[in-house]
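**Q** A structural model of the following input is requested.
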Amino acid sequence: MQNKGFVRVFAILLALVCIFYLSFSIVTSKYNKQAELYANGDAAKENVYLDSLANKKVWLGYSLKQCRENEITLGLDLKGGMNVILELNVADVLRSLSNNNKDVNFNKALDAAYARQASSQSGFINLFVEEYHKIDPGARLSAIFSTFELKDKITPQTSDADVVKVISSELQSAIDNSFNVLRTRIDRFGVVSPNIQKLETDGRILVELPGVKEAERVRKLLQGSANLEFWETYDLTQLYQQLAEADGVLAKIEEDRAAAEKAKSAETTETSGSQETTEKPAIDQTPADATAENETSEVDSLLEQINTDTPADETQSEAEFARQHPLFAILMPNSYNGQIVPGPVVGVASRQDMSKIDSLLNLRQVKEVLPNNVIFRWAVKSRDENEQYFELYALKVTKRDGSPALSGDVVTDAKADFAQDRIARSEQVVSMNMNAEGAKEWARLTKDNIGNCVAIVLDDLVYSAPRVNQEITGGRSQISGQFSIEEAKDLANVLNSGKMAASVNIASEDIVGPSLGQEAINAGVISFIVALIVLMIYMCVMYGLVPGMVANGALIINIFFTLGILASFKAVLTLPGIAGMVLTLGMAVDANVLIYERTKEELRAGKSVARALADGYSNAFSAIFDGNLTTMIAGIVLFIFGTGPIKGFAWTLLIGIAVSFLTAVFLTRLVYEYLIAKDKIKGLTFVTNISKNFLSNPHFDFLAKRKTGYLIPLAILVLGAASLFTVGLNSGIDFTGGRNYVIRFDNAVSTDNLRESLDVQLDGSVSVIQIGASNQVRVSTNYKIADNDPSVDEEIYSKLYEGVKQYLPEGATLQQFTATNIQSSQKVGPSMADDIKNAAVMAVIFAMIFMALYILIRFREIGFSVGVFVSVLVTTLCIIAFYSLLWKILPFSMEVDQTFIAALLTVIGYSINDTVVVFDRIRETIRNYPKRDRFQVINDALNSTLARTFNTSISTLVVVLCIFTLGGATIRSFTFAIMLGVIVGTYSTLFVATPLAYEIQRRRMARKGIVLEPAVVGVTKN
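**A** Numbering: from 1, shown residues only. Got it, this is the predicted structure:
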């Protein structure tokens, strides 16, 4: 083998990279177990433990937080959580940009564009422009958008093309602002390893929140409009005395409660003489995991952080200080060298103490000693790099209704810029413009607060508090403050967030409970292990111990490399991803089967083992390469058009295929060359007593029976067509829109009885099927699916509860039902469903076209290309036909949804892989024997590759069968479609693709006067 040195070096380097990235998962697993032991089932306590170690260097100079960022991340279907796709209402953005223009044609065009968006791949703005010009061909967009706020960008003379550029830019700004607001909200929500990203479709944002249990709270959090405000502030010099008084009040409360506890303890001791009580911290509204030692260490840390002196005597114990100063022990006043620092920042606190401080400051006794117009808000950004300490601001309420001094909707534009400071240095600033109303209020506000700070607050978090140097008139302001470029951009985005009155709706939603996620992990792991063991045994049984173990070793290395590469790309491992990994094992065996079958042919020709292996690898290479590449085309199409877990499946499939090519073609050959050099495999035959006579010299006349072979798929397609017109397909909510709920009961339930009960509640728009065990069902409904009101979700939960109440334990409440019985939920809105359906159709069409084009380019034969296209089309339509014929008969869900499309694309790749092997043998034989009868050549190719076809199909079927039976109910339909695809695809290779390619060649040659079919039908082996 050439380039052996390069292959060795590359494999070693890849192994080292995989070890490096997989090591992070091992390290985090160790600390996660420690956290579980420490917390003893308390999730909040577990998070506190992990947060306390977040910045500790635990592995190769990496902190625990960095290790967690580099570990293999489990998808929400495996660990539970919430997956939401939010959709910004682009029509609202355009209305806002037009200053809510009441023009009839403008609003008609918006409504028409919204209606078309569901079935079009064009962006909303392009659709709006088309509709606007349809309604009023001579109208100019500038007449709508030349508002006061956009006067610097759009004038009455601006062309439509330039107006589109401006509003597209403003739309992108609105999306960016929404994204930034959501990111901040999620960061403050306290979710471990959240994921938020902008999608390609205009206005859509993906949010993944692992481990979330408060779904309704999350919905309100994500759909709430951005609330930008400007507040006057207090100076710490004005508040320090009152804060000290509040600290004293809290100390008195502490003392009184301690005395009460002591008296109660003494009384209990007198009456029972046996009980001992432990003195509890007086004012502690957080979980009891913060011990006195932890609190005192936090005090030390805070003192060092702000370079201040301890307010207590040096000889005084810190625990005593904490009892005497409950507030100042956890909120260190903003001071320097013992002096109060003027400004709105009243103190600094640890992240874990923030909620406790909020509770203390909201106590009635504390509020009585503080000014009645003071409110406290935390800074959005931490004070330190480790993100552990945050500043607390004191804001001043100046209006009777408690509203801010100025709302953020008056801001028309804000951007990061550069300006010259007093000594002519360039510094980063933020420029801000306001509308006429805002300019007037801003002038008054800045005039009244010269020398004071004005806080910029978004979602109750302080982003900045610049000091006012002078009265600002005209609505144009410049904010400076030693910003970095990123900080200036962030502040500009915050200021811009107030100008768009655009609603954000949930386009789709998936919620998976932790128990269902754990079951998915167990099912995935078990199916993976069983499939691997069965596959290893099969290879040893068919090819012998040494060849089998070499191939099995390649499988183990394949798994190792795949996981390592997934970790290095920070990919998310989902249940379909595990299925993809298991599937690649079956497909990886295909390369070894091809090599071994070609080697067996060379051995039968009388060659030595070394020569036979070399020729076997050489002759099988082109077929392996073509087969892998065609499957990768399907994977790439799936990755482009898929979403969520399906994208994870595609990513795993692509990596697995690439790795299998390395391990099966190159690494196994290195092993064999080493064994040959050591003279250890002289008598290797690549057969066993079981397989030595299996399809060793077949003589099936496939082409002579081709017309009969056409009849079986034709009959399936005819029956399928009749079923499609009468029964139809069981379309999932991915394509129709709706909601799914997986509900688990204590005992077995009847789906018919449940359906009758729920029909009454949900107006008849409901279906109920069993999922997995007899006590678990999935309820599907499209009740009020087009209504974006967040209260609809709670209404449906209530109706589900009423419908199934009789099957719940006596006394079960709605809250218990939603928390315990509902294992997962899914929502897909109508517009999202149409987009998914369109993308699915395009994915299948593009995959088939790309496959056919590749075959045409690779083999330069139109007959092969047409044969592949028709074969893949027949395979695809047969699977669809089976799903229409069987979905009301088989005892598991057979929905046509995203996972079904993923299965179709996988089958397309697999089917072509099989066909390419046959075509490659035909091409090879024609090249070696150009004058040999074409009928005989094609029949010989089909027979000579029959053992490979059978072994690959069986090994793949065995693997898929393991996933089907052990992989869990959620992917059973997915694996069933692949099983059908393997069987139908193999049949199509033998009786559709190859015979059809022959038919086309025969007819083309007949026009040239050349007869391909022999006078006497027979098959001769070469």
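**Q** please enumerate the strands of the stretch 151-300 of the chain.
**A** 195-198, 204-210, 228-233 (DSSP state E, counting those that start in this stretch).
**Q** Serialize these to JSON lines and add fields for distance to Asp734.
**A** The way it works is simple: take the backbone N, C-alpha and C, and place the C-beta from them, glycine included. As requested, the strands of the stretch 151-300 of the chain are arranged in JSON lines below (distance: least, CB to CB, whole Å):
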{"stretch": "strand 195-198", "distance to Asp734": "20"}
{"stretch": "strand 204-210", "distance to Asp734": "15"}
{"stretch": "strand 228-233", "distance to Asp734": "36"}
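**Q** between the ones you listed, which one is nearest to Ile85?
**A** Counting by CB to CB, Ile85 lies closest to strand 204-210 out of these; the figure is 5.5 Å.
**Q** now do that closest one: everything it contacts.
**A** The contact list for strand 204-210 (CB atoms under 8 Å, 6 or more residues apart in numbering) reads 74, 76, 79-88, 175, 178-179, 182, 186, 189, 191-199, 218, 222, 507.
**Q** weed out the non-buried ones from the residues you listed.
**A** 74, 76, 79-88, 175, 178-179, 182, 186, 191, 193-196, 218, 222, 507 (16 or more other CB atoms under 10 Å).
**Q** ok, for Gly683, nearest residue in space, not its chain neighbours?
**A** What sits nearest to Gly683 in space, not counting adjacent residues and going by CB to CB, 6 or more residues apart in numbering, is Val609, at 7.7 Å.
**Q** doesn't Ile676 make contact with the one you found?
**A** Yes: look at Val609 against Ile676 with CB atoms under 8 Å: they come within range, at 7.1 Å.
**Q** what kind of secondary structure is Ser691 in?
**A** Recorded secondary structure, Ser691: coil (DSSP: H, G, I helix; E, B strand; the rest coil).
**Q** in which helix or strand does the residue nearest to it when sequence neighbours are not counted reside?
**A** Once flanking residues are discounted, Ser691 sits nearest to Met542: 4.7 Å by CB to CB, 6+ apart. Using DSSP states H and E, Met542 sits in helix 514-543.
**Q** show me what the next helix or strand after that helix is packed up against.
**A** Downstream of helix 514-543, the first helix or strand assigned by DSSP H and E is helix 545-568. If contacts are counted by 3 or more CB pairs under 8 Å, 6 or more residues apart in numbering; DSSP states H and E, helix 545-568 sits against helix 4-39, helix 514-543, helix 575-604, helix 645-661, helix 668-677.
**Q** just after the longest one, pick out the following helix or strand.
**A** Next helix or strand after helix 4-39 toward the C-terminus (DSSP H and E): helix 43-52.
**Q** please export the C-alpha coordinates of that following helix as PDB.
**A** Output of helix 43-52 as PDB, limited to C-alpha atoms (Å, rounded to 0.1, in the frame of the first residue of the first chain):
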ATOM      1  CA  ALA A  43     -31.200  19.600  41.700                       C
ATOM      2  CA  ALA A  44     -30.700  23.200  43.100                       C
ATOM      3  CA  LYS A  45     -27.900  22.000  45.400                       C
ATOM      4  CA  GLU A  46     -26.300  20.100  42.600                       C
ATOM      5  CA  ASN A  47     -26.200  23.200  40.400                       C
ATOM      6  CA  VAL A  48     -24.700  25.200  43.300                       C
ATOM      7  CA  TYR A  49     -22.000  22.600  43.800                       C
ATOM      8  CA  LEU A  50     -21.000  22.600  40.100                       C
ATOM      9  CA  ASP A  51     -21.200  26.500  40.000                       C
ATOM     10  CA  SER A  52     -18.800  26.700  42.900                       C
END
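**Q** mind listing what's buried in the helix or strand following that helix?
**A** Later in the chain than helix 43-52, the nearest helix or strand by DSSP H and E is strand 57-59. For strand 57-59, a neighbour-count test (16+ other CB under 10 Å) marks Val58, Trp59 as buried.
**Q** adjacent strands (with direction) for strand 57-59?
**A** Using DSSP bridges, strand 57-59 pairs in its sheet with strand 62-63 (antiparallel).
**Q** elements contacting the following helix or strand past the strand it pairs with?
**A** Using DSSP H and E, the helix or strand that follows strand 62-63 in sequence is helix 64-70. With contacts taken as 3+ CB pairs under 8 Å, 6+ apart, helix 64-70 sits against helix 4-39, strand 57-59.
**Q** ok, and what's touching helix 64-70?
**A** Identification of contacts with helix 64-70 by CB under 8 Å, 6+ apart yields 21, 24, 27-28, 31, 50, 53-56, 58-59, 62, 192-193, 567, 570.
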